[in-house]
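1. I'll drop the sequence and a predicted model, then ask my questions.
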Amino acid sequence: MRILLTGWFSFRDGEATAGDVLALRRVEDVLGQAEIPYDVVWSPGFRPGALHLAGVRPEEYSHLVFVCGPLHGPQVEDLHRRFAHCVRIAVGTSVVDPGAPATTGFHRVLARDAPGAEPVRDLSTRASAASVPPVAGVILTQHEYGPRRRHGQVADEVTRWPAGRDCARLELETRLDAHDWRLSATPAQLESVLGRLDLVVTDRLHGLVLALRAGIPALAVDPVTGGAKVTAQARACGWPAPVAADHLDADLLDHWWQWCLSTGREAARRIRADFLAGAEPDGADALPDALERRLTG
């Protein structure tokens, strides 16, 4: 007996959702405990190097199991034709139309919900827990500094590189807007989000500063050749982890990523405490004297 596990995540243009993949993990857990061999077929758009339907030899399988999602449409019907010799089972699925060919083609349907039946819990609720990856906020900058700017290249690298890391990514914006639900309306709202992250990846000065205000380490990339305000601010704050645009490579980013998630945590907390103490002078300290001199000069 050999099982082929499929779902909407298997079709050429299919999407792999977190819920579907967790449901698949639950089925894998059960088959693994029963020591039943299986293969999983994936959408080539999601996992290009994995097993795809186009490369499957149906005769090598005795059973086809369709995991999660609704039972409808020509793609599901095509599975019945192609794997006609297999025992076909749907598990954790929604039955939209009990009489549709996509549904009746299965020998057995272990539905999570169906007309006239009591619903059962989704498979994802009992999927085995994986280790929790870090949460990285990504904050990108505005363009400036004329010909010295390398913002496009840096933004491309900063957004492409984290995709290869095992982390949860959250795109953030320092721009405030009281009418756009996707943006924070106040600095406190943004700081509330930042304080729940494990690190911030940014090429923006205030991405660096606001992360450190929250006590969160920042992997800060200066998008200006030779360094500009991001590098200068890192030095002013005592933050040792700015990366220069002209020295940007994956190995260096990997190094500072690991540092931020280890030693950098305590370093960021110390800088936050220093910010709160207010011992270091800034431009505002000199403002009353500048005003007085201007008024009396």
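-> That came through, no problem.
2. okay, residue 1: pLDDT?
-> Note for residue 1: predicted pLDDT of 86.
3. what's the residue lying closest to it once chain neighbours are set aside in contact with, if anything?
-> In this structure, residue 1 finds its nearest non-sequential neighbour in residue 62, 5.0 Å apart by CB to CB, 6 or more residues apart in numbering. (Each C-beta comes from the backbone N, C-alpha and C, glycine too.) Residue 62 sits next to 1-3, 86-87 when contact means CB atoms under 8 Å, 6 or more residues apart in numbering.
4. what ranges do the strands span in the stretch 151-297 of the chain?
-> 168-172, 199-202, 218-222, 242-244 (DSSP state E, counting those that start in this stretch).
5. In a markdown table: these, plus mean pLDDT and mean neighbour count.
-> Rendered in a markdown table, the data for the strands of the stretch 151-297 of the chain read as follows (pLDDT from 0 to 100; neighbours: other CB atoms under 10 Å):
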| stretch | mean pLDDT | mean neighbour count |
| --- | --- | --- |
| strand 168-172 | 92 | 15 |
| strand 199-202 | 94 | 26 |
| strand 218-222 | 92 | 29 |
| strand 242-244 | 83 | 21 |
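6. CSV for these, including distance to residue 11?
-> Compiled in CSV, those are given as follows (distance: least, CB to CB, whole Å):
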stretch, distance to residue 11
strand 168-172, 25
strand 199-202, 33
strand 218-222, 37
strand 242-244, 40
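7. so which of the ones you listed gets nearest residue 139?
-> For the strands of the stretch 151-297 of the chain, proximity to residue 139 was assessed by CB to CB; strand 199-202 is nearest, at 4.1 Å.
8. which helices and strands sit right next to that closest one?
-> strand 135-139, helix 205-213, strand 218-222 (3 or more CB pairs under 8 Å, 6 or more residues apart in numbering; DSSP states H and E).
9. Go through the ones you listed and name the closest to residue 236.
-> Across those (criterion: CB to CB), the nearest stretch is helix 205-213, sitting at 9.4 Å.
10. check contacts around residue 173.
-> By CB under 8 Å, 6+ apart, the neighbours of residue 173 are 139, 182-184.
11. Residue 100: which of those residues is nearest?
-> Nearest member of the contacts of residue 173 to residue 100, counting by CB to CB, is residue 182, at 37.7 Å.
12. Could you report the pLDDT at that closest one?
-> The predicted local confidence for residue 182 is 90.
13. Ok, residue 155 next?
-> 68.
14. which residues in the stretch 101-250 of the chain form helices?
-> With DSSP state H, counting those that start in this stretch as the criterion, the stretch 101-250 of the chain has helices at 101-104, 151-160, 187-194, 205-213, 229-237, 250-260.
15. okay, the ones you listed, which one's buried deepest?
-> A comparison of the helices of the stretch 101-250 of the chain by mean neighbour count, using mean count of other CB atoms under 10 Å, puts helix 205-213 on top with a mean of 23.
16. and it, what's its mean pLDDT?
-> 93.
17. so residue 183 makes contact with residue 172?
-> No - when contacts are counted by CB atoms under 8 Å, residue 183 is not listed as touching residue 172 (9.2 Å).
18. show me the contacts for the residue lying closest to residue 198 once chain neighbours are set aside.
-> Spatially, and ignoring its direct neighbours in sequence, residue 198 is nearest to residue 134 (3.7 Å; CB to CB, 6+ apart). Each residue near residue 134 by CB under 8 Å, 6+ apart is listed here: 167-168, 198-199, 261.
19. ok, now how distant is residue 134 from residue 217?
-> 10 Å (CB to CB, to the nearest Å).
20. what do the two both touch?
-> What both residue 134 and residue 217 touch, as defined by CB under 8 Å, 6+ apart, is the set 199, 261.
21. give me the number of residues near residue 135?
-> Neighbour count of residue 135, defined by other CB atoms under 10 Å: 16.
22. do the one 4 residues further on as well
-> Using other CB under 10 Å as the criterion, residue 139 is surrounded by 24 other residues.
23. Tell me the bridge partners for it.
-> Beta-bridge pairing of residue 139 under DSSP bridges involves residue 172, residue 202.
24. tell me the contacts of it?
-> Residue 139 is in contact with 172-174, 200-204, 206-207, counting by CB under 8 Å, 6+ apart.
25. Put together a markdown table for the contacts of residue 134, with distance to residue 7 on each row.
-> Below are the contacts of residue 134 laid out as a markdown table (distance: CB to CB, whole Å):
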| residue | distance to residue 7 |
| --- | --- |
| 167 | 25 |
| 168 | 23 |
| 198 | 31 |
| 199 | 33 |
| 261 | 33 |
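26. and the contacts of residue 139 as TSV, adding distance to residue 269?
-> Shown next, in TSV, are those (distance: CB to CB, whole Å):
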residue	distance to residue 269
172	20
173	25
174	22
200	14
201	19
202	18
203	23
204	21
206	19
207	18
